[in-house]
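Trainee: give me coordinates for this.
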Amino acid sequence: MIYIEITETKKTAVAFLKVEAGVRYWEDGEVNGISDDDGDLIPCRNGDFWEPVIDLATGTIEGWPEGTTASVHYKVCDAGRYTLLDAERHEVKIRDGYVPAIMWPGGEGYGDCIIMKIDGAGKIENWRADLSDFAN
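Mentor: Alright, predicted model coming up:
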């Protein structure tokens with residue numbers, strides 16, 4: 001008998017985007033209008049990674065400190081993992097490598113940069129839940 005592997009495709013609801021981005025240059029960010037040269041001011045930092053969890057429907061970063069604003073232009077290149085989660089926080093789809101377009105609503109990131117402005121409520125300016133980079 002000969003066997004083949006068949007992959008099935010199914011439609012699944014997603015609610016969040018979990019980001020694990022290895023930032024090369026923290027100095028390309030500002031927090032509350034102050035240059036964040038060492039990345040010490042930006043919320044969601046974990047070591048050398050920026051790890052926000054974003055509500056896909058609203059473009060709001062979970063746990064963002066009230067009143068904190070930020071403008072980021074982080075060079076990441078292929079040092080990132082972007083995970084779509086369902087409402088129960090189960091992993092649905094993972095994309096490793098280059099920055100997906102959803103992460104640069106503030107300009108052209110060309111797959112290398114996260115570019116966005118975040119307001120005092122943690123909402124990302126010009127947010128669009130463009131998941132085209134996660135297709136297949």
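
Trainee: what's across from the residue nearest to Val14 when sequence neighbours are not counted in the sheet?
Mentor: In this structure, Val14 finds its nearest non-sequential neighbour in Leu84, 4.4 Å apart by Cβ to Cβ, 6 or more residues apart in numbering. Every C-beta, even on glycine, is put in place using the N, C-alpha and C of the backbone. Beta-bridge partners for Leu84, by DSSP bridges, are Leu17, Lys93.

Trainee: so what's Leu84 up against?
Mentor: Counting by Cβ atoms under 8 Å, 6 or more residues apart in numbering, Leu84 makes contact with 14, 16-18, 56, 91-94, 131, 134.

Trainee: okay, which residue is most central for this protein?
Mentor: Centroid-nearest residue in the chain, with Cα atoms, centre = their mean: Val19, separated by 4.2 Å.

Trainee: hmm, Leu56 and it touching each other?
Mentor: No. Applying Cβ atoms under 8 Å as the test, Val19 and Leu56 come out as separate, 11.9 Å apart.

Trainee: mind listing what the most far-flung residue of the chain relative to its centre touches?
Mentor: What lies farthest from the middle of the chain is Met1; by Cα atoms, centre = their mean that is 45.5 Å. For Met1, the contact set (Cβ under 8 Å, 6+ apart) is empty.

Trainee: if we can go back for a sec, give me the nearest residue to the residue nearest to the centre of the chain, chain neighbours excluded.
Mentor: That would be Pro52: by Cβ to Cβ, 6+ apart, it lies 5.2 Å from Val19.

Trainee: and Ser71, what element?
Mentor: Per DSSP states H and E, Ser71 falls inside strand 70-75.

Trainee: what mean pLDDT does that strand have?
Mentor: For strand 70-75, mean pLDDT rounds to 97.

Trainee: helix or strand: which one has the residue nearest to the centre of the chain?
Mentor: Secondary structure (DSSP H and E) places Val19 in strand 16-22.

Trainee: which element is Arg89 on?
Mentor: Using DSSP H and E, no helix or strand contains Arg89.

Trainee: count the neighbours of it for me.
Mentor: Per other Cβ atoms under 10 Å, the neighbour tally for Arg89 reads 11.
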